[in-house]
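Trainee: the sequence isn't on hand, but the structure is:
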């Protein structure tokens, strides 16, 4: 082996045989590490809004039949199976908790899943299943792309072919090498209405078009937005920006003191940190007492007794105002054409309109595939009904065929409508597989009605494929049962 004269300046690059300087090698290694963190931990795919650990948990829950219409299963079973089959990096219970406690939980949790002031119980104490809204994530899995798991024993989806715009309605944050991703949650109804505008206008959509419906981030614990519509518009236009919030509160004065009651926690507000700050003010006499009065039914309620309203304005009010900086990042995972790897990942730095357009274009592709799959099913059913009708109209040929050494060959060669056709053998085999009673002539009217129904359904599907944007809107409208009012005031 050739001896290198300066170990600090040269390294051998295993991939292309070139010698690299230490700076170049460090840069290359950091780039590879950074991309790995982006792909596997920090950023969600814009299509299903999930990181790999979350996606694998959803898939594991589905395999365990922990779906909305079934019983919950032990959380430890979901995380354990997920780690053993798809995610060997460690327990993903933190990801399961995130999905169970998000704005629109795709996981339904049973037990102590924590709160703003307390952490969740361990996974051996809680149970979970896919929520009702979470089932919308799995409706199109028949046309999903799958790759082998890390052992090659099982298959896992590259992304979930969701009809729920999960990326836009649930908060997503992550820290990777060189970037900090922070995407706010939004109200589902407002996102759907904005999406419908983008479906109709496509690349011509302007930020002002969606701002008619999308009034800014939403937050299930309340509060209000202090930023102007122009500042919110800037966030959506550029993909980055800062939004200013304030908690909901009331002040009640009596002869001596003032009672501050916080009834809504804005994004960025930590009840525990606020309580500790108020306790520190007891010593200087500003605060008389502080009490967390929140309950399961009233998640936000903090009471602080103050000596004067002036103390509130000068010392306490500023702790109820928070600013959150947002930055839109996303990844796009696709099945790799390179046989040496399974997935190609592209890092996106988009704004809101670009994201919505990409999501809708993807939904059009998925819905087209779903229509084509369903169309093929009905065409197959129609063809088989036609064969049954043909057999029912020519029972003598069927009976004669049963007396022959090779009934399939006889029927294929002698049945009117089959002779000389490329599908004659398949049709003859199908006819021979039917129960004799199902071919009786009295069933002909029912068979003809089935053929008419299948033909109409195929026409509807062909119309859907030709106007696939209407299908996307129709499926978005099916999310109405999950709508709820905004909690974060504008």
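Mentor: Okay, I see it. What you see is a predicted model; the values in this text were computed from it and never measured.
Trainee: check contacts around the residue nearest the centre of the chain.
Mentor: Here the mean C-alpha position of the chain is nearest to the C-alpha of residue 48 (C-alpha atoms, centre = their mean), at a distance of 3.3 Å. Neighbouring residues of residue 48 by C-beta atoms under 8 Å, 6 or more residues apart in numbering: 55, 137, 159, 160, 161, 162, 166, 167. (Each C-beta comes from the backbone N, C-alpha and C, glycine too.)
Trainee: right, and the fifth one touches residue 368 too?
Mentor: No - checked against C-beta atoms under 8 Å, the pair residue 161 and residue 368 is beyond contact range at 11.9 Å.
Trainee: out of these two, which sits in the busier spot?
Mentor: residue 161 (24 against 16; other C-beta atoms under 10 Å).
Trainee: the more buried one - nearest residue in space that isn't next to it in sequence?
Mentor: residue 140 (3.8 Å; C-beta to C-beta, 6 or more residues apart in numbering).
Trainee: quickly note the distance from the one you found to residue 119.
Mentor: Residue 140 sits 35 Å away from residue 119, going by C-beta to C-beta, to the nearest Å.
Trainee: list the contacts of residue 122.
Mentor: Shown in contact with residue 122 (C-beta under 8 Å, 6+ apart): 76, 93.
Trainee: show me what contacts the residue nearest to residue 161?
Mentor: The neighbours of residue 140, taking C-beta under 8 Å, 6+ apart as the test, are 161, 162, 163, 366, 367, 369, 370.
Trainee: and if we set it to 6 Å?
Mentor: With C-beta atoms under 6 Å, 6 or more residues apart in numbering as the criterion, the residues that contact residue 140 are 161, 366, 370.
Trainee: now do residue 407
Mentor: Going by C-beta under 6 Å, 6+ apart, residue 407 touches 401, 432.
Trainee: repeat that for the one 10 residues further on.
Mentor: In this structure, residue 417 makes contact with residue 390, judged by C-beta under 6 Å, 6+ apart.
Trainee: neighbours of residue 155, how many?
Mentor: 13.
Trainee: actually residue 199, not the one I wrote
Mentor: Neighbours of residue 199 (other C-beta under 10 Å): 20.
Trainee: list the contacts of the one helix or strand it maps to.
Mentor: Using DSSP states H and E, residue 199 maps to helix 188-201. Helix 188-201 is contacted by residues 165, 168-169, 205, 209-210, 213-214, 356, 360, 469, 472-473, 476, 479, 482-483 when judged by C-beta under 6 Å, 6+ apart.
Trainee: and the gap between the residue nearest to the centre of the chain and residue 160?
Mentor: 4 Å.
Trainee: hang on, the earlier thing: list the buried residues for the helix holding residue 199?
Mentor: 188, 189, 190, 191, 192, 194, 195, 196, 197, 198, 199 (16 or more other C-beta atoms under 10 Å).
Trainee: could you point out which element follows it?
Mentor: Next in line after helix 188-201, if elements are assigned by DSSP H and E, sits helix 207-211.
Trainee: which helices and strands does that next one pack with?
Mentor: Counting contacts by 3 or more C-beta pairs under 6 Å, 6 or more residues apart in numbering; DSSP states H and E, helix 207-211 packs against helix 188-201, helix 229-238.
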